[in-house]
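> Starting from these lines, generate the structure:
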Amino acid sequence: MSAPAIHEPVESRYQRSWVLIGFIALVCLPGIVLRLAGIHPDPVPGAIVFGFAILAAAFLLSWAAETAEMDISQGLALAIIAIIAVLPEYAVDAVLAWKAGADPAEAEKGLAIANMTGGNRLLIGVGWPIVFLLFFYRTKLKELVVNRQRSLELVFLAVATLYVIFIPLRSHVTIIDTIILVSLFIMYMYFTSKVETEHVELVGPAKAMGQLRDAPRRSLVIAMLVFAAVTIFCSAEPFAESLVHIGEDFGVSEFLLIQWLAPLASESPEVLVACLLAWRGRAAAGMGVLISSKVNQWTLLIGTLPIAFLLSSGDFGFTHGLPLDTRQREEIFLTAAQSAFAIAVFMNLRMGKLEAIGLFVLFATQLFITNEGVRAIYAVLYTVLCVVLLFISRKEIPHTVRDAIAVMRGRDLDPWPRDPGPG
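Numbering: from 1, shown residues only. Next up is the predicted model:
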């Protein structure tokens, strides 16, 4: 006879979850302490220490986000996490835009635009395919379906992309862009907050936190969100600087380092959170984090660049702002074209294996190409693929738009002819 299965006591699993939360919090501390103390480790150990701090903060964010879904909608919880996770990108870009406003020579380098476009393209070109890869590995399914309430993010992302794609026709990113894009972000957050709370099954540390009474649980969630935000804010910039210094040792140009290595650090929190959710069987929620992060970056991030530039330069004219040269305009157009293609991929609320591969391959193959003609070809290719996918999904697009409108009005969603399911 086989021996009876031995089940770990519930109390033991509960205690182990709290030990894990405490350990992960301790891993965050070196990043905070070193930054506040003004200590600058050598590039390699610095990248390790600050990198682990960001990874640990991502774990705390994912647990806090899942627990928060007991009190607020999944969409709002993911949006809050996306805002916190993208804080490093805001910090780095604000510093670069400030330097550009104070020094015309810095403005000519276009590093703020390089960082912004690099971060946006990394998020879609690497983040989205990685989440799909984890989803495919765990489920063996060839199609990732997201919740119909994600229609709200997709519609706002489409409106923002349609606006940003025309920015390269001008020579500046101005305060007018700030007003429009930040207004879009505020509207997005408002409508997201109206989505009804859904039932969620918690596991691991999130389950341990969820067993607390309402007041202690909510206080702990807020404390974890704040602590993770401080960790990310303190660790991301020195992590990026460590990567840049390592890259400089190999003779890589400053523009490419700021465009790709710095965003690799600042984008890692939201990608890690999304991957953790996908690994735990919540790939749709993980993709929701990345879509929400894209909305944040495509509205609030771009919209805040002129503010930092104008405050530094002291020139507050409505027609003045962060200057754009030819290369920077090309970068914005290429990034907008990639965004349009990504929206077309998810316009029917599902992404297949070929689409995920296409997102990654198109990103990876143009990563270090600086030739203007070749980059223009990639932008046109993204645009053509966007049109093709929109044509294929033409019968489902009206349903996505109607779902977004229904979510904004707080109404129940009518069944689709081809219902994507709960996601």
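
> Next, the buried residues of stretch 159-170.
159-161, 163-165, 167-168 (16 or more other CB atoms under 10 Å). To be clear about C-beta, it is placed using only N, CA and C from the backbone, and glycine gets the same treatment.

> give me the low-pLDDT residue ranges for the stretch 101-250 of the chain?
Where the stretch 101-250 of the chain drops to pLDDT under 70, the residues are 196-203.

> what about the strands in it?
143-145, 172-174 (DSSP state E, counting those that start in this stretch).

> Show residues contacting the first one.
The one in question is strand 143-145. 131-132, 135-136, 283-284, 287, 349-353, 356, 420-421, 423 (CB atoms under 8 Å, 6 or more residues apart in numbering).

> how about the strands of the stretch 101-250 of the chain in JSON lines, adding mean neighbour count and distance to Gln328?
Formatted as JSON lines, the strands of the stretch 101-250 of the chain follow (neighbours: other CB atoms under 10 Å; distance: least, CB to CB, whole Å):
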{"stretch": "strand 143-145", "mean neighbour count": "21", "distance to Gln328": "33"}
{"stretch": "strand 172-174", "mean neighbour count": "21", "distance to Gln328": "9"}
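
> Which of these sits closest to Ala228?
Ala228 lies closest to strand 143-145 among those, at 26.0 Å (CB to CB).

> Pull up the pairing partners for that closest one, direction included.
In the sheet, strand 143-145 lines up against strand 350-352 (antiparallel) (DSSP bridges).

> picking that back up, hmm, which of the contacts of strand 143-145 are the buried ones?
Buried among these (16+ other CB under 10 Å): 131-132, 135-136, 283-284, 287, 349-351, 356, 420, 423.

> Which stretches in the stretch 201-350 of the chain count as helices?
With DSSP state H, counting those that start in this stretch, the ranges of helices along the stretch 201-350 of the chain come out as 204-210, 214-249, 254-256, 262-266, 268-279, 283-296, 302-313, 326-346.

> average pLDDT for the fourth one?
Within the predicted structure, the mean pLDDT of helix 262-266 is 73.

> Give me the contact list for that helix.
By CB under 8 Å, 6+ apart, helix 262-266 touches 50-51, 54, 86, 88-89, 91-92, 115, 118-119, 122, 236, 239-240, 243-244.

> Let's see that with 6 Å instead.
88-89, 92, 115, 118-119, 122, 236, 239-240, 243 (CB atoms under 6 Å, 6 or more residues apart in numbering).

> quick check, nearest of those to Ser73?
The closest of the contacts of helix 262-266 to Ser73 turns out to be Glu89 (CB to CB; 24.4 Å).

> can you pull the contacts of the closest one?
119, 266.

> again with Ile84
Contacts of Ile84 (CB under 6 Å, 6+ apart): Ala229.

> Please tell me how far it sits from Ser253.
31 Å (CB to CB, to the nearest Å).

> same deal with Thr299?
Applying CB to CB, the value for Thr299 to Ser253 is 29 Å.

> Looking at these two, which has the bigger crowd around it?
Each of Thr299 and Ser253 has its neighbours counted (other CB atoms under 10 Å); Thr299 has more, 26 against 12.

> wait, isn't that one in contact with Phe185?
Yes. If you go by CB atoms under 6 Å, Thr299 and Phe185 touch, sitting 3.9 Å apart.

> coming back round to it: would you list the contacts of helix 262-266 in a markdown table and tack on distance to Trp63?
Formatted as a markdown table, the contacts of helix 262-266 follow (distance: CB to CB, whole Å):
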| residue | distance to Trp63 |
| --- | --- |
| Pro88 | 20 |
| Glu89 | 22 |
| Val92 | 26 |
| Asn115 | 29 |
| Gly118 | 29 |
| Gly119 | 25 |
| Leu122 | 25 |
| Ala236 | 20 |
| Phe239 | 22 |
| Ala240 | 25 |
| Leu243 | 27 |
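
> Please identify which of those is nearest to Leu322.
Within the contacts of helix 262-266, the smallest distance to Leu322 is 12.1 Å, found for Asn115 (CB to CB).

> which ones are touching the most centrally placed residue in the chain?
The centroid of the chain falls nearest to Ser293 when counting by CA atoms, centre = their mean (3.2 Å). When the contact criterion is CB under 6 Å, 6+ apart, the partners of Ser293 are 82, 86, 270.

> Can you tell me how far it is from Met287?
10 Å.

> again, but for Leu181
23 Å.

> Mind listing residues that contact stretch 225-244?
Applying CB under 6 Å, 6+ apart, the contact partners of stretch 225-244 are 28, 31-32, 35, 43, 46-47, 50-51, 53-54, 57, 60-61, 64, 84, 87-88, 257, 261-262, 265-266, 269.

> Narrow the residues you listed to those in helices?
Of these, the ones assigned to helices by DSSP state H are 28, 31-32, 35, 43, 46-47, 50-51, 53-54, 57, 60-61, 64, 84, 87-88, 262, 265-266, 269.

> how close does Ala236 sit to Val164?
24 Å.

> Ok, Val131 next?
Distance, Val131 to Val164, using CB to CB: 23 Å.

> likewise Met287?
21 Å.

> Likewise for Phe132?
25 Å.

> one step back: from the contacts of helix 262-266, which single one is nearest Ile39?
Among those, and counting by CB to CB, the member closest to Ile39 is Phe239, at 13.9 Å.

> Neighbours of that closest one, how many?
Residues contacting Phe239 under the criterion other CB under 10 Å number 28.

> nearest residue to it other than its sequence neighbours?
Nearest residue to Phe239 in three dimensions, chain neighbours excluded: Phe50, at 3.7 Å (CB to CB, 6 or more residues apart in numbering).
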